[in-house]
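# Sequence first, predicted model second:
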Amino acid sequence: MPKAHISIRLSKRWFLSGAVLLVGLGALEIGQRVSDWRKAGKREANPYSFRIVTRDGTPATDKPGGLLFSLSPILTARTQPAQTIGPVTINRHGFRGPEIARAKTAGVTRVALLGGSTAFGHGASTADATVARRLEAELTTRTGRAHEVLNAACIAHHSQQELIVFATEVVDFAPDVIVVLDGWNDFYQAGFRPRDEPLFHALFAEVEMLVARAQHPLRNALRASALIRGIERRRARAAIEDFAHRPEAVPAYRRNLEQIVRLGRANGARVLLVVQPELFARAEPIPDPERDVRARKAADGYGAYAPIYAQYVTAAREVAAARSAGFLDATTIFDRCDDWVFTDWVHLNDRGNALLATAIAEAVVALEDRR
């Protein structure tokens, strides 16, 4: 066969192979975009999901979400003020709940609530079902004195961010009582962050990665493809499938709590440290919906990791004892209750928020009686 014919056949094969490859990649790209669009729609309808944006509203990460978070030079990101989505209203100060004046009303005891998504009220069906609003009502009823709760919690924040929020914003509201409801974000984020990365929520760390990518024009151009972004996400998930605790997180958690207690007491406030509930720390009997969640999380490797959370309980208890602060181990508050309270490994439904608020109210009243 003449060389010219062979060359033509090879060219046709290469052309057809290339065409098939392009069609295949095009189909995958379309499929990924459709999948991303569907997932984005679900997340944007979820009032407890969030997306991070710059000051002018430009997306700062690839993740969609319902609530708007603004980039922050010292917090990485925080809830953007003055927005409402479903049962979640953020006031002009960036706190969940109704507007609140900096100056306290005479005769009203002000309680500031610090924490992450559980303290924020993640999972509550209405604003009144959140732990903050229930706590406010419980305290007023139990004491016969008016109380108001400033909910300064922020989804995904851990103790270092809570300390910064308290020192830079909440202290100006002169709270009488500080309730620090946290522990789990410090614990969880210490389980999957690589050794050379900060102990921040994965979505916050993504902000830094995107800034770094801006220095690589070709890589940035490739990320215009939904398929490439999808591959990146799958690689990132694969990298965190195995939980490996970073032991430096416990001393860091301890130091942050110590600083919050010191700052609170220096400003005349009583401080209550509350270690938030966690699904695997709950004693039997376990309701069926929670048993199903436990089975899924155990399969992911989290079940074997969960016992380390006890170290954070111990750290908070020791700080409270050393600094004369109140302490509540909320990992045990559901042990004598067979109600369904957890929606996942750490977030609570309306019943869970109500029981948590009751336990915190009892601890706050005991703390006030000690004074």
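It's in.
# which residues of the stretch 201-350 of the chain fall in strands?
Counting by DSSP state E, counting those that start in this stretch, residue ranges of the strands within the stretch 201-350 of the chain are 270-275, 326-329.
# deepest of the ones you listed, which one?
Most buried of the strands of the stretch 201-350 of the chain, by mean neighbour count (mean count of other C-beta atoms under 10 Å): strand 270-275, with a mean of 25. Every C-beta, even on glycine, is put in place using the N, C-alpha and C of the backbone.
# for the protein, where's the lowest mean pLDDT among helices and strands?
Taking mean pLDDT, DSSP states H and E as the measure, the chain has helix 226-239 as its least confident helix or strand, at a mean of 61.
# how does the chain divide into domains?
Following automatic domain parsing, one gets these domains for the chain: 1-42, 84-191+244-370.
# okay, now residue 142: neighbour count?
By other C-beta atoms under 10 Å, 15 other residues sit near residue 142.
# OK, contacts around residue 186?
158-159, 199, 249, 252-253, 312 (C-beta atoms under 8 Å, 6 or more residues apart in numbering).
# For residue 17, report the pLDDT, please.
Reading off the per-residue confidence, residue 17 sits at a pLDDT of 70.
# quick one: the nearest residue to residue 290 once chain neighbours are set aside from residue 348, how far?
Of all residues not flanking residue 290 in the chain, residue 342 sits nearest, at 5.0 Å (C-beta to C-beta, 6 or more residues apart in numbering). Using C-beta to C-beta, to the nearest Å, we find residue 342 at a distance of 6 Å from residue 348.
# list residues touching both of these two?
Once C-beta under 8 Å, 6+ apart is applied, the residues that residue 342 and residue 348 both contact turn out to be residue 277.
# out of those two, which sits in the busier spot?
residue 348 (27 against 24).
# how many other residues sit next to residue 330?
For residue 330, the count of nearby residues is 21 (other C-beta under 10 Å).
# show me the contacts for it.
181, 274-277, 356, 359-360.
# In the stretch 1-150 of the chain, where is pLDDT below threshold?
Filtered on pLDDT under 70, the stretch 1-150 of the chain yields the residue ranges 1-15, 18, 20-22, 24-26, 28-29, 31-44.
# Show me where it has its strands.
Taking DSSP E, counting those that start in this stretch, the strands of the stretch 1-150 of the chain run over residues 50-53, 67-72, 76-79, 83-85, 88-90, 109-115, 147-151.
# centroid residue for this structure?
Central residue of the chain (C-alpha atoms, centre = their mean): residue 156, 2.2 Å from the mean position.
# any idea how far residue 315 is from it?
From residue 156 over to residue 315 the distance is 20 Å, taken as C-beta to C-beta.
# ok, now residue 297?
Noted for residue 297: a distance of 23 Å to residue 315, by C-beta to C-beta.
# Neighbour count: those two, which is higher?
Set side by side, residue 297 and residue 315 show more neighbours around residue 315, with 25 against 17, by other C-beta under 10 Å.
# Touching, that one and residue 249? I think so.
No: Residue 315 sits out of contact with residue 249 when judged by C-beta atoms under 8 Å, with a separation of 9.8 Å.
# My read is that residue 48 contacts residue 88, right?
Yes: with contacts defined as C-beta under 8 Å, residue 48 counts as touching residue 88 at a distance of 7.3 Å.
# For these two, list the residues in contact with both.
What both residue 48 and residue 88 touch, as defined by C-beta under 8 Å, 6+ apart, is the set 66-67.
# and the closest residue to residue 343 other than its chain neighbours, how many neighbours does it have?
Counting by C-beta to C-beta, 6+ apart, the nearest residue to residue 343 once its immediate chain neighbours are dropped is residue 123, at 4.8 Å. With neighbours defined by other C-beta under 10 Å, the count for residue 123 comes to 21.
# for residue 249, same thing?
Summarising burial for residue 249: neighbours were counted as other C-beta under 10 Å, giving 23.
# show me the contacts for the residue nearest to it when sequence neighbours are not counted.
Spatial nearest neighbour of residue 249, excluding adjacent residues (C-beta to C-beta, 6+ apart): residue 190 at 3.3 Å. Taking C-beta under 8 Å, 6+ apart, we find residue 190 in contact with 199, 245-246, 248-250.
# So which of these is the closest to residue 79?
residue 199 (20.4 Å; C-beta to C-beta).
# Could I get the pLDDT score of the closest one?
The per-residue pLDDT reported for residue 199 equals 63.
# can you check the one 4 residues further on too?
At residue 203, the predicted lDDT confidence score is 61.
# so where's the stretch 251-371 of the chain uncertain?
371.
# Quick check on residue 60: phi, psi?
Residue 60 adopts backbone torsions of phi -100, psi -10, taken as degrees, to the nearest 10.
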